[in-house]
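[1] I would like to see how this sequence folds:
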Amino acid sequence: MNRKEFLYASTTLIGGLTLGKFPFPWRRDSIRFGLITDLHFADRDTPDGSSRYYRESLQKLAECITVMNREKVDFLIQIGDFKDQNDPPVESETLEYLKTISNEMNRFDGPTYHVLGNHDHDSISKQQFLDGVTISGINPPQSYYSFDRKNFHFVVLDANYTSSGEEYDHGNFDWKDSNIPRAQLDWLHQDLSRTKKPAIVFVHQRLDEKEGNASYCVRNAAAVRNILEEAENVILVIQGHYHPGDMSTINDIVYYTLPAAVEGSGLENNSFAILEIDQELSMNLTGFRKTDSIRFSE
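    All right, here's what the predicted structure looks like:
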């Protein structure tokens, strides 16, 4: 990182977490990947009383892409609510917003991945969203999937289902009613059981229930966490949805919520990060603009 980039990267460091309980005896290469979430891109005005600047998310993503290409990260993933919609919603307009922001994401010189958020189902279906984005190596695109890079295992979950198991579709959902259905839970258990590699999980809605955040959490989060804990190889869960950002640890798994990019006007209010995990599983997050940098290590 050059000096100019350093000036807009945050410098807050938080220590005290050890990952020593995870027994991974083989040698690994370090990995570095880019993170951004909650862009909510749409060609719409900011409503009265709102801090969301929808149009500016295109420029914010462009800044993120420039940094990620310069830093030559191994891949880039967005953690959900990639696009938004107008009020009243028009399907054709929403698809244009998706096309515009997806084209910008595709400027990244490497693999790109997507997590589905609740607003990704505004005005359109899950399949329409998947048809409009590039998920590297996953053909046809799926809403939940896994992939390996550099002796690490990555899992993407989709919590955009109602409590009755129906997919979010064309705005037909309650954002407080997010769930991971039984079929996906079974897939998650099987997927994690097939690998001994250190695993990182991505999901839009939160899995780390605590006082005051229930509205932002997957309703069956405890069942999901139970699978992650029983696998004994999950070291980190990365989330979006809660725009201020947050971090917690539950039974030795770190739950990190990345701050939203859509909040606030101007590039000074952008938010994205690069996470590096080294051979010893020490994790260092370099935050840019409003995202704090964090050292997840002793």
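
[2] hey, let's count contacts and neighbours off CA atoms from now on
    Noted.

[3] Which parts of the stretch 101-250 of the chain are helices?
    Applying DSSP state H, counting those that start in this stretch to the stretch 101-250 of the chain gives helices spanning 126-131, 182-193, 221-231.

[4] so Lys197 touches Asn151, yeah?
    Yes. Using Cα atoms under 8 Å, Lys197 is in contact with Asn151, at 6.1 Å.

[5] Compare these two (neighbour count), which wins?
    More neighbours surround Lys197 than the other of Lys197 and Asn151, with 19 against 16 (other Cα atoms under 10 Å).

[6] Surely Glu263 is in contact with Asn269?
    Yes. Using Cα under 8 Å, Glu263 and Asn269 qualify as a contacting pair, with a distance of 6.8 Å.

[7] If you count surrounding residues, which of the two has more?
    Glu263 (23 against 16).

[8] How about the contacts made by that one?
    Glu263 makes contact with Ser51, Arg52, Tyr53, His243, Asn269, Asn270, according to Cα atoms under 8 Å, 6 or more residues apart in numbering.

[9] what do you get for Leu35?
    Taking Cα under 8 Å, 6+ apart, one finds Leu76, Ile77, Gln78, Ile79, Phe272, Ala273, Ile274, Leu275 in contact with Leu35.

[10] so it, which of the three states?
    strand (DSSP: H, G, I helix; E, B strand; the rest coil).

[11] Tell me how far it lies from Ile294.
    14 Å (Cα to Cα, to the nearest Å).

[12] repeat for Leu157
    Leu157 is 24 Å from Ile294, by Cα to Cα.

[13] same check, this time on Glu280
    With Cα to Cα as the criterion, Glu280 and Ile294 are 17 Å apart.

[14] neighbour-wise, which of those two wins?
    Between Glu280 and Ile294, counting by other Cα under 10 Å, Ile294 is the more crowded of the two (18 against 15).

[15] shouldn't that one be in contact with Leu285?
    Yes. With contact defined as Cα under 8 Å, Ile294 reaches Leu285; the gap is 5.0 Å.

[16] okay, now the closest residue to Gly171 other than its chain neighbours: neighbour count?
    In space, Gly171 comes closest to Asp122 once its chain neighbours are excluded; the distance is 4.3 Å by Cα to Cα, 6 or more residues apart in numbering. Per other Cα under 10 Å, the neighbour tally for Asp122 reads 25.

[17] next one: Glu230
    Based on other Cα under 10 Å, the number of other residues close to Glu230 is 12.

[18] how about it, what does it touch?
    Neighbours of Glu230 in contact, by Cα under 8 Å, 6+ apart: none.

[19] From Phe202, how far off is it?
    17 Å.

[20] And what about Tyr256, helix, strand or coil?
    Per three-state DSSP, Tyr256 ends up strand.

[21] How about it: what's its closest non-neighbour residue?
    Met247 (4.5 Å).

[22] list the contacts for the residue nearest the centre of the chain?
    The chain has Ile79 as the residue nearest its centroid, 2.2 Å off, counting by Cα atoms, centre = their mean. Going by Cα under 8 Å, 6+ apart, Ile79 touches 35-38, 114-117, 202-204, 238-240.

[23] looking at the residues you listed, which has the most residues close by?
    His204 (32 neighbours).

[24] Would you agree it is in contact with Gly80?
    Yes. Using Cα under 8 Å, His204 is in contact with Gly80, at 5.4 Å.

[25] Common neighbours of these two, please.
    With Cα under 8 Å, 6+ apart, His204 and Gly80 have common neighbours Val115, Leu116, Gly117, Gly240, His241.

[26] Generate a markdown table for those residues, with distance to Pro141 as supplementary columns.
    Output for the shared contacts of His204 and Gly80, formatted as a markdown table (distance: Cα to Cα, whole Å):
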| residue | distance to Pro141 |
| --- | --- |
| Val115 | 11 |
| Leu116 | 12 |
| Gly117 | 15 |
| Gly240 | 21 |
| His241 | 22 |
